[in-house]
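A.B. asks: Next input, structure requested:
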Amino acid sequence: MNKFSAYMKLLRLPGLGGLAIPPVFGAISVGIYDFYNLALLFAIGCFTAIFGFVLNDYADVELDKLVKELHGKPLVSGTISKKSAVAICIFCVLLTFLFTFILWKGENLDDLKFSAILVLFIAGILGTIYNLYGKKIAGSDFMVALSMAFVFLFGALAFAKPTLLTWIVFWLTFNQTLHMNAVEGGIKDADHDFIMGVKNIALTAGVKVEGKKIFIPWHFKAFGLAIRLSSACLIFIPFIYGLSYYIWQIILLFLLIALVILIEIRLLWLKEFDRKQIRKLIASAAFARYSIVPIMLISKIGMISFFLVALPLLWYIAFTPLTGAKLFQPEM
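C.D. replies: Numbering: from 1, shown residues only. Prediction:
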């Protein structure tokens, strides 16, 4: 792996099309549609996502060394030093706040903007605690879920008072991040987390791998399904309370929800531990769920919604070659 590809992989460049979008959705939820502001928010989303993932890789180097499939990760292989990873994290923090003040250039720092900075700061603190100490705290997945939800909320507070739609997408963001870390991550890493004494929801619930078999207890299945089903209910609340919609839009949302739940059932009812298959299920669910919020926003931004639906996939296809990895074979 050459240095350039290693850095692109460390920065999670192919995934930023989806990972950096929450603050953009936050702004759209309060009626901000101009390209300049949304582009700045997307950049801020990129910096916060890179900070979180690079810090996580830095904290997990020793754990990742236990998994053969992860030996190609830049910090594990030694292609990039841990000092460089720390420098990237510091640089991302500085860029995040620099772009925030560029966003408000010439404007007064009112109560809403102060609140926006505060939630962004709290998001950083929660994310840092999770990345550095989360493996020792059962339930720390709730911290990183709240961290990501606060990054979304920052996008709204940067411009206006949050609306009902804002709070619905806030909880959808919280739910998805919680599921991604506690359920998907817990299953994916169940074969080695216990070796390092990791304390997480999955292991506490009794998820375990024996040889090539994986055992997922019913209460953990219920936990995963409950997150997905509660999100499915939340999606339709804005339409009940006045958000305009088309019949085909509602049908499309139902189909996307059905797809996500179908993938969820396949994941939770796995009998054999196959990390490659688990990765593919996680990636498939990710692309499906990324589509849901843009489809919800059609009445606000029109056909641009479909660009936002396609953005994570197009971004992934465009930038994956720069990492030296193969398309649709995620390394996580």
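A.B. asks: Retrieve the pLDDT associated with Pro312.
C.D. replies: pLDDT recorded at Pro312 is 87.
A.B. asks: If you could redo that for Ser115, that was the one I meant.
C.D. replies: 95.
A.B. asks: Does it touch Leu157 like I think?
C.D. replies: Yes - with contact defined as C-beta atoms under 8 Å, Ser115 counts as touching Leu157 (5.0 Å). Backbone N, C-alpha and C define where each C-beta goes, glycine included.
A.B. asks: if you count what's nearby, which of the two comes out ahead?
C.D. replies: Leu157 (25 against 17; other C-beta atoms under 10 Å).
A.B. asks: so what secondary structure elements neighbour the lowest-mean-pLDDT helix or strand in the chain?
C.D. replies: Each helix and strand of the chain was given a mean pLDDT (mean pLDDT, DSSP states H and E); the minimum falls on helix 61-64 at a mean of 78. Helices and strands touching helix 61-64, by 3 or more C-beta pairs under 8 Å, 6 or more residues apart in numbering; DSSP states H and E, are helix 74-77.
A.B. asks: For the helix or strand following the helix it packs on, name the packing helices and strands.
C.D. replies: Using DSSP states H and E, the next helix or strand after helix 74-77 towards the C-terminus is helix 82-103. Here helix 82-103 touches helix 35-59, helix 111-133, going by 3+ C-beta pairs under 8 Å, 6+ apart.
A.B. asks: Would you mind giving the orientation angle of the shortest one with respect to helix 35-59?
C.D. replies: Helix 111-133 and helix 35-59 meet at an angle of 20 degrees, taking axes from the mean of the first three to the mean of the last three C-alpha atoms, to 10 degrees as the criterion.
A.B. asks: List the buried residues for whatever helix or strand comes next after helix 111-133?
C.D. replies: Following helix 111-133 in sequence order, the next helix or strand is helix 141-157 (DSSP H and E). Neighbour counts over helix 141-157 (16 or more other C-beta atoms under 10 Å) mark 141-157 as buried.
A.B. asks: Ok, stretch 217-225 next?
C.D. replies: So, applying 16+ other C-beta under 10 Å, buried residues of stretch 217-225: Phe220, Lys221, Phe223, Gly224.
A.B. asks: got the contact list for that stretch?
C.D. replies: 179, 182-183, 186, 201-202, 205-207, 261, 264-265, 267-269 (C-beta atoms under 8 Å, 6 or more residues apart in numbering).
A.B. asks: which of these lies closest to Leu229?
C.D. replies: The nearest member of the contacts of stretch 217-225 to Leu229, counting by C-beta to C-beta, is Ile261 at 7.4 Å.
A.B. asks: wait, what's in contact with that closest one?
C.D. replies: Leu225, Arg228, Leu229, Ala232.
A.B. asks: Would you map the helices across the stretch 151-300 of the chain?
C.D. replies: 164-178, 185-188, 201-205, 218-240, 247-268, 275-290, 292-296, 298-301 (DSSP state H, counting those that start in this stretch).
A.B. asks: who wins for proximity to Gly324 among the ones you listed?
C.D. replies: Among the helices of the stretch 151-300 of the chain, the nearest to Gly324 by C-beta to C-beta is helix 275-290 (17.1 Å).
A.B. asks: Rounded mean pLDDT for the closest one, please.
C.D. replies: For helix 275-290, the per-residue pLDDT averages 87.
A.B. asks: could you say what helices and strands that helix packs with?
C.D. replies: Under the contact rule (3+ C-beta pairs under 8 Å, 6+ apart), helix 275-290 is packed against helix 16-19, helix 185-188, helix 247-268, helix 304-319.
A.B. asks: what about 7 Å?
C.D. replies: helix 185-188, helix 247-268, helix 304-319 (3 or more C-beta pairs under 7 Å, 6 or more residues apart in numbering; DSSP states H and E).
A.B. asks: And the last one, what's buried?
C.D. replies: By neighbour count, with 16+ other C-beta under 10 Å as the criterion, the buried positions of helix 304-319 are Ile304, Ser305, Leu308, Val309, Leu311, Pro312, Trp315, Tyr316, Phe319.
A.B. asks: so what's the backbone phi/psi at Met303?
C.D. replies: In terms of degrees, to the nearest 10, the main-chain angles of Met303 are phi -70, psi -10.
A.B. asks: going forward can the numbers begin at 28, since that is how I track them
C.D. replies: I'll keep to 28 as the first residue from here, and by that count the last item is Met330.
A.B. asks: Switch the helices and strands packed on helix 302-317 over to a markdown table; also include distance to Phe78.
C.D. replies: Compiled in a markdown table, the helices and strands packed on helix 302-317 are given as follows (distance: least, C-beta to C-beta, whole Å):
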| stretch | distance to Phe78 |
| --- | --- |
| helix 212-215 | 18 |
| helix 274-295 | 27 |
| helix 331-346 | 18 |
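A.B. asks: picking that back up, quick one: buried ones out of the contacts of stretch 244-252?
C.D. replies: His206, Ala209, Val210, Gly213, Ile228, Ala229, Ala232, Val234, Ile288, Glu291, Leu294, Leu295.
A.B. asks: between those, which is closest to Met323?
C.D. replies: Ile288 (17.1 Å).
A.B. asks: thinking again about what came up before, among the contacts of stretch 244-252, give me the pair with the biggest separation.
C.D. replies: Top of the distance list for the contacts of stretch 244-252 (C-beta to C-beta): Gly233 and Ile288, 22.8 Å.
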